[in-house]
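Participant: Attaching a predicted model along with its sequence, questions to come.
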There are 4 protein chains.
Amino acid sequence: MNLDLREYSVRTDLAVESKEIAENVHGKPLSGLNEQIEEQDGIKITRLDVTTPAVSEQIGKIMGHYITIEVPGLRTQDSDLQERVSAAFSKEFGLFLQKIGIQSAAKVLIVGLGNWNVTPDALGPLVVENVLVTRHYFELAPDQVSPGYREVSAIAPGVLGITGIESSEVVQGIVERTKPDLIIAIDALASRSLERVNTTIQIADIGIHPGSGIGNKRRGLTKEILGIPCIAIGVPTVCYASTIVNNVFDLMKSHFNEEIGSEENVQTKQIMGLLNDLSEGERLGLVKEVLEPLGHDLIVTPKEIDEFIEDIANVIASGLNLALHDAVDPDNVASYTH
Amino acid sequence: MNLDLREYSVRTDLAVESKEIAENVHGKPLSGLNEQIEEQDGIKITRLDVTTPAVSEQIGKIMGHYITIEVPGLRTQDSDLQERVSAAFSKEFGLFLQKIGIQSAAKVLIVGLGNWNVTPDALGPLVVENVLVTRHYFELAPDQVSPGYREVSAIAPGVLGITGIESSEVVQGIVERTKPDLIIAIDALASRSLERVNTTIQIADIGIHPGSGIGNKRRGLTKEILGIPCIAIGVPTVCYASTIVNNVFDLMKSHFNEEIGSEENVQTKQIMGLLNDLSEGERLGLVKEVLEPLGHDLIVTPKEIDEFIEDIANVIASGLNLALHDAVDPDNVASYTH
Amino acid sequence: MNLDLREYSVRTDLAVESKEIAENVHGKPLSGLNEQIEEQDGIKITRLDVTTPAVSEQIGKIMGHYITIEVPGLRTQDSDLQERVSAAFSKEFGLFLQKIGIQSAAKVLIVGLGNWNVTPDALGPLVVENVLVTRHYFELAPDQVSPGYREVSAIAPGVLGITGIESSEVVQGIVERTKPDLIIAIDALASRSLERVNTTIQIADIGIHPGSGIGNKRRGLTKEILGIPCIAIGVPTVCYASTIVNNVFDLMKSHFNEEIGSEENVQTKQIMGLLNDLSEGERLGLVKEVLEPLGHDLIVTPKEIDEFIEDIANVIASGLNLALHDAVDPDNVASYTH
Amino acid sequence: MNLDLREYSVRTDLAVESKEIAENVHGKPLSGLNEQIEEQDGIKITRLDVTTPAVSEQIGKIMGHYITIEVPGLRTQDSDLQERVSAAFSKEFGLFLQKIGIQSAAKVLIVGLGNWNVTPDALGPLVVENVLVTRHYFELAPDQVSPGYREVSAIAPGVLGITGIESSEVVQGIVERTKPDLIIAIDALASRSLERVNTTIQIADIGIHPGSGIGNKRRGLTKEILGIPCIAIGVPTVCYASTIVNNVFDLMKSHFNEEIGSEENVQTKQIMGLLNDLSEGERLGLVKEVLEPLGHDLIVTPKEIDEFIEDIANVIASGLNLALHDAVDPDNVASYTH
C-alpha cells in the first residue's frame, strides 16, 4: 500500500511552538537557542533567543529575541489575574526594550493591525483605542508636557479588503511623516494548538512578516522596510480545524505512551495504526487532504471570543502604558484605558 | 491490552445527525422514520418525521416533525443565495404550520433565546430585533389593522447568568399574561460537525428541551410546560473541539475506504489501527479522555461569526415575516427588517 | 393685539424641577413639602417628600419620597468622581430602603426599561447587564449561598415597538412567577433643562407611570398594578429642543435682572418685550407653536452620549450592588460589574 | 441702558446657511454667487458657485462649487426615499466630477474623518466600511480587473485624541505613497439649525479646512497641502444648543411678522422687545453670554442618531459606488455595501 503524503509545514506564529516541533523532529535540543523559563503564580515566561542562522532555519523563525507569556488561567476572566499579567507583561516589555537597546526617550508609534469588524481579528485596533497617546501634546506644547511621559502615537491602518491599501504602506507613509524611533505592532495570530488560543502573548523584535497573523499583511513591517526597529506583540486568537485535529493525535500518542509505559509503544502503534508512524507534517498533510476538499478546514475561535478580546486588549494596553511612561504606575494605570 | 472506553453519547441538536449516527450503528435504515429529501439550487431540504416511540429512542430524538435546510453555500455571504434561502425557509415554514395544524389566525409569540453579548449565542435576540411585531396594533386599535397581518409579539428573555431567571419562567409569565396560541423559539445550537455550523437551519415542533442549545435553559419550552405548541428553530453556530476531531476520524475512514476500495478495508485498519474498530461513541470517549483533563475541549465557532450571525438572523427574520403575514411578500420583505 | 396662547404644562420627570416651576408660579415656598439639601465635594443631594394631596397636585408629582443626586462634574468623565457618586448613590439608596420600610432580606427584581439600540434610551438594559444577580443560586442551591448576599434578579423587557408587548405586562408576568418583594425600575428620562442631562440621578418610591420616561410604557409599574413596591431610578438623558429654548429665556431673564438690578426690571421688559410677562407655560406654548409645525421640536441628547451612558450605567449598577449586598464593598465592587 | 454685545460670527459648515445669513445682513442678493435650485419628490438640490473673492469674504466661504442636497423626509427612515436620495446624490456627484474636470480614470482615495466611538462623529469611518475598494486588485492583477471599475482606496485616519497624529498628516503620508489623483473626504458637520441635522448633504470642491467639522482637524485636507484636488462631502449631525435657541428667535420673528402682517412689525417689536432689533450675530452673542458660563452650550444630536448615521452612511457609500464605477448600477448597488 502506498500512502503518498505530502509533508506539510506545521506553520505557527509562535516561536515556542516552532521550537517544540523542531525538537520533536530532531529528537534533541537544538544548539543556537538560548532559552530561559520562569514561572510564577500561573504565569509562565519563556525568553528565547534565536542566535544563529542555522537554528533560525531549523525552527523556521527569524533570528531575534522572543518572549512568550503563557497564562492558561486567562480564559477564566479573573480580573485580579489580568492585572497581574498586565504588570508582568509591562515588566518583561521594559526589560526587552533595554535588551534590544531602545532609548528611554525613543518616540513610539503603536500599530494595531487587523479588522475592527471581525472579533478575533480586532485585537490590534482595540489596543490602539486603549493606549495613552501623547504625541499631539509634544507637538502642540512640548514645554507643557509633564515629565514621565514619552512621545507615543497610535494607528489602526485597517485591512486590505476594506482599504485597498496594504497596512505596511499606510504605516510607511505615517513613519515618513511623523518620524518615530520605534514601531510596536499588535496583531492577532493563529496558533497550532487550541490551548494557546487566548492564553499566550508573544513579544518579538522581528517585526511583522508577510503571511504572519490572520489578516492580509503581505509586505510586512520590518526594519528593512521601515528603517526603524519594529517590535511585534501577538496573541493567538484562532486556530485551524486541521491543527486542532493534528494536535489531538499528538495528545493521544503521549496519552497512550504514558498510560501503557514507553516500552510498550508497540501497543500504541496497534491502537493508532500507521498514524503513529507519520511525522507531524505528514499527519497534518493527511488531515488537510481529508478536510480541505470538503471546505471543512475552517479557522475557528472559542465561543467566548467577544469578552476575551476585550480583556486581553486591555491587558496589553495597560501593560504598554506602564512600560512606556514612567508617570504611569499600577495605581493610576486603570484611568488611562477606556 | 485493555482499552476500557466509556461509550459517550454523540450529542447533537440536529435530528439529521442523530439519524445518521443511529443508522451507522444499526447498519441499516430505521423503521418508524419518514424521510423526504429535496434538493434544488444548492438548498437541501430534509423532512423527517419521528413517528414511533421505538425509533424516537433509537435516535435519541423526541417524536415529532423535523425539517432541516442545509445550504453549504451560506458561508460565502452571497446575498442572492440568502434571499433564496429566506424564501425557501418561509415556504417550508408555512407548510409546516399547516402540517401540524396551526390556524392561520393563530397569535404568535416569538422567543429569541440566548445572550446578546456572546456573538455565537446572539441569534435569538437578533431575530427578535428584526421580526415584524404587530400585537400592539391589535391591542390598541384592532379595527385599524390592515388585513394580511397576524398578531405577533416577540421577546428576548435573556440568559440565566444575566437575569437570574430561567428563560422558561420569563416566557411562561408572558404567555400567561398575553395568551398567544403558538410559541416560535429561536436558538443557537451546537453541531456535531464543523461543516454544519452556520449552514443549517432546523425547524421542529418539539419545543426547547433542557440541555439543548448552547445556553442555560434547563426547564425547557414545551407544550407540557406552556400549554401551547412550541416550534423550535435552531441554527448550529458552534461545535466542540472533540466533535471536530471525532468527525475527522469519520472522514478519514470514509476517505481511505473510498480510495482503497471497500474490499480492502483491512488496509484502512492498518492505517488507523484500533481507532478503526471503535464505535463513534467510544472514539468520542477517547478524544474527550485526552482533551478534557487539559481543558482543551473548548466550544469553538468560525472566525467569521460576526458577519454570519447577522446574515442568518436576517434570513430567519425575513422568512418568518413572509410566512406569518400574507401582506408581506418578497417585494416588500426587506423593508420590514432593520 | 391678542396673543392667544395655550398654557402648556412644562412636563418634567424630575421632582426638583416640578417643585421649582411650581414655586416660581406661586412666588413662595409650598407647604406639604419636606426638603433637605446636602452638598459635598461637587455632589448635591436633595431629599424631597411630597406629603399632602394638595402639594402633590400643585407640583404635579405623586405623593412619595424623592431623592435627587446632582453632579454637574459627571460630564467630565472623571473616574474618581464616578466612584464617589457611586458610593454616595449607594449610601442614599440604602437609607431610602430603610426609610420606606424595605426589609434587608427582601427579594429584588431589577427592571431595565428602554431600548438597547437607541443609545440615550439604553440606560436600563445596560444597568441590567452590570448588576450582580443571585436568584439562580438561591433557587438551585440555597444552602450554598454565602452570607451577605440577597436574592436579586434582573430583566430588560424591551420596548413596545420591538416586542409588541408593554413592559408592564412582561414585568407583571415575571412578578407573578418569581414572587419578588420589591421592584427597582431603571429608566432614561427627559429633562426640562439641558444642564441636568447626564448629570442627575433621581430615586423615587412612586414606580413608573404612564407617559414618564422617553419610551413607551403606558401601563406603568406601580404598587397598584404589581402588588409590590416599585422604586424608580431615573437619569435624564435627553431633552426637547423646545425646553432648551424655554430654559434659555429663563436664564436670560435672571441674567438681565441680575445685571441690571431687580429694581430696574422695567429694562428687562424692554429688552425681552412681552416674552418677559408670559408664564413659563405660555412661553413654552409659544415656542412649541413656532417649532412644531416645522417638525423642529426634536428630542436631543449631548454628542458624547455613547461614553456617558456607559459611565452612568456603571455608576448605578455599582451603587446597587453595594447597597443590596452586604458582601459587596467598595474594595471589591469593581469586580462585580462588566 | 447699555447692551454691550459682541457680534458673534454665526459659524456654519453649510454654504447655503452662510449665504442665507449674509443675505439677511445685506438685505439683498449678493453678486458673485451663481445659484441654481432644483426640487423634485422631496429632494431639493442647490448648486452654488462662489465665484469672486468679494462674495467669498461676504459669506465667509472659500471660492468654489457647493452642492447641497436637502431632504427633510430623511428623518423618517423611509428606505425607498433613501434609495432615491442615493441615486440623486450619485447623479449630482458624477456631474460635479465632470464640472470640476476630474478624469473618469482618476484614482480616488476616500478619507473617512471622525471617531468610530462617538456616534454622531462616526459618519466618515462608516462610509469607508461600506464603499467598494478596488486598488488592491489593480495593484495585484491589473489585467484581470473587469472594465467598469476605477481604482479606489479608502482610509479612516482616526482622530487626534486617539492617534496623537493629525488626520491630515496620516492622509498626506498615504497620498505620498499611493499617489491617488483625487481625495474624497467624508466628515460629520455642525449645522446652524436643528432642522438640517441629518437631512442635508453638502458636496464641495474646497477640501477640509482647519476648524471645520466637529472633530480635530486643524491642518486640513486641501489641494495646497496634498497636491491633488480634495472634494469634501459633509452631513450635519450635530448643532450647538446656542444655535438652536438663536434659530428659534428667527422663527419667532418670521412667525409674528407673518401672523400680524408686515406693516405691523411694531407689534413684533412689542412682543420681542429689543431682541427684535439685534442682528443675528448679536443675538447669538447674547445667548452664548447666558449659556456658556453655566456650561450649558452643549453640542447636541437627535436622540435617534444611531439609526440615522447608519442610514446616511449607506446612502453616501451607495451613491459613491454608483458614481465612481460604471459597472455598479442601481440594480446591483445594494450588494456592494455591507
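Facilitator: Good, I have the coordinates. Numbers count the residues shown, from 1 in each chain, chains lettered A, B, ... in the order given.
Participant: part of a strand, is residue A:128?
Facilitator: No - checked against DSSP: H, G, I helix; E, B strand; the rest coil, residue A:128 lies outside a strand; its state is helix.
Participant: Now residue A:239: closest residue in space that isn't a chain neighbour?
Facilitator: Distance criterion CB to CB, 6 or more residues apart in numbering or on different chains; nearest residue to residue A:239, sequence neighbours excluded, is residue A:191 at 4.8 Å. (Glycine included, C-beta is placed from N, CA and C.)
Participant: SS state for residue A:106?
Facilitator: coil.
Participant: can you check the one 3 residues further on too?
Facilitator: Secondary structure assignment for residue A:109 (three-state DSSP): strand.
Participant: does the residue of chain A found nearest chain B count as helix, strand or coil?
Facilitator: Closest residue of chain A to chain B, CB to the nearest CB: residue A:273 (3.0 Å). Classification of residue A:273 by three-state DSSP places it in helix.
Participant: where's it relative to residue A:286, distance?
Facilitator: Distance, residue A:273 to residue A:286, using CB to CB, to the nearest Å: 12 Å.
Participant: Between these two, which has more neighbouring residues?
Facilitator: residue A:286 (26 against 19; other CB atoms under 10 Å in any protein chain shown).
Participant: Helix or strand for the more buried one, just tell me which one.
Facilitator: helix A:280-291 (DSSP states H and E).
Participant: Show me what that helix is packed up against.
Facilitator: On a contact count with 3 or more CB pairs under 8 Å, 6 or more residues apart in numbering or on different chains; DSSP states H and E, helix A:280-291 meets helix A:15-26, helix A:241-260, helix B:241-260.
Participant: Which of these sits closest to chain D?
Facilitator: helix A:241-260 (26.3 Å).
Participant: and residue A:176, what does it touch?
Facilitator: Residues near residue A:176 by CB atoms under 8 Å, 6 or more residues apart in numbering or on different chains: D:173, D:176, D:177.
Participant: Could you dump these into a markdown table and include secondary structure?
Facilitator: As requested, the contacts of residue A:176 are exported to a markdown table (three-state DSSP):
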| residue | secondary structure |
| --- | --- |
| D:173 | helix |
| D:176 | helix |
| D:177 | helix |
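Participant: Take those and write them to a markdown table, including distance to residue D:91.
Facilitator: Supplementary listing: these in a markdown table, determined by distance: CB to CB, whole Å:
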| residue | distance to residue D:91 |
| --- | --- |
| D:173 | 34 |
| D:176 | 33 |
| D:177 | 33 |
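Participant: With respect to chain C, which of the helices and strands packed on helix A:280-291 lies nearest?
Facilitator: Across these, closest to chain C is helix B:241-260 (CB to the nearest CB), at 26.4 Å.
Participant: Mind giving me the packing neighbours of the closest one?
Facilitator: Using 3+ CB pairs under 8 Å, 6+ apart: helix B:241-260 touches helix A:241-260, helix A:280-291, helix B:265-272, helix B:280-291, strand B:299-302.
Participant: right, so those: which one is the most enclosed?
Facilitator: Of all these, strand B:299-302 has the most neighbours on average by mean count of other CB atoms under 10 Å in any protein chain shown, namely a mean of 25.
Participant: give me every residue that touches residue A:117.
Facilitator: Counting by CB under 8 Å, 6+ apart, residue A:117 has contacts B:306, B:307, D:129.
Participant: pretty sure the second one is in a strand, no?
Facilitator: No - for residue B:307, which was evaluated using three-state DSSP, the result is helix, with no strand membership.
Participant: Give me the neighbour count for the residue nearest to it when sequence neighbours are not counted.
Facilitator: Spatially, and ignoring its direct neighbours in sequence, residue B:307 is nearest to residue B:77 (6.4 Å; CB to CB, 6+ apart). By the criterion of other CB under 10 Å, residue B:77 has 14 neighbours.
Participant: Would you mind measuring from residue B:77 to chain C?
Facilitator: 23 Å (CB to the nearest CB, to the nearest Å).
Participant: my guess is that residue meets residue B:309, correct?
Facilitator: No - Residue B:77 is beyond contact range of residue B:309, at 11.9 Å (criterion: CB atoms under 8 Å).
Participant: Look up the closest residue to residue A:288, ignoring the ones flanking it.
Facilitator: Using CB to CB, 6+ apart, the nearest residue to residue A:288 is residue A:242, at 5.1 Å.
Participant: tell me the contacts of that neighbour?
Facilitator: Counting by CB under 8 Å, 6+ apart, the residues that residue A:242 touches are A:284, A:287, A:288, A:291, A:292, A:297.
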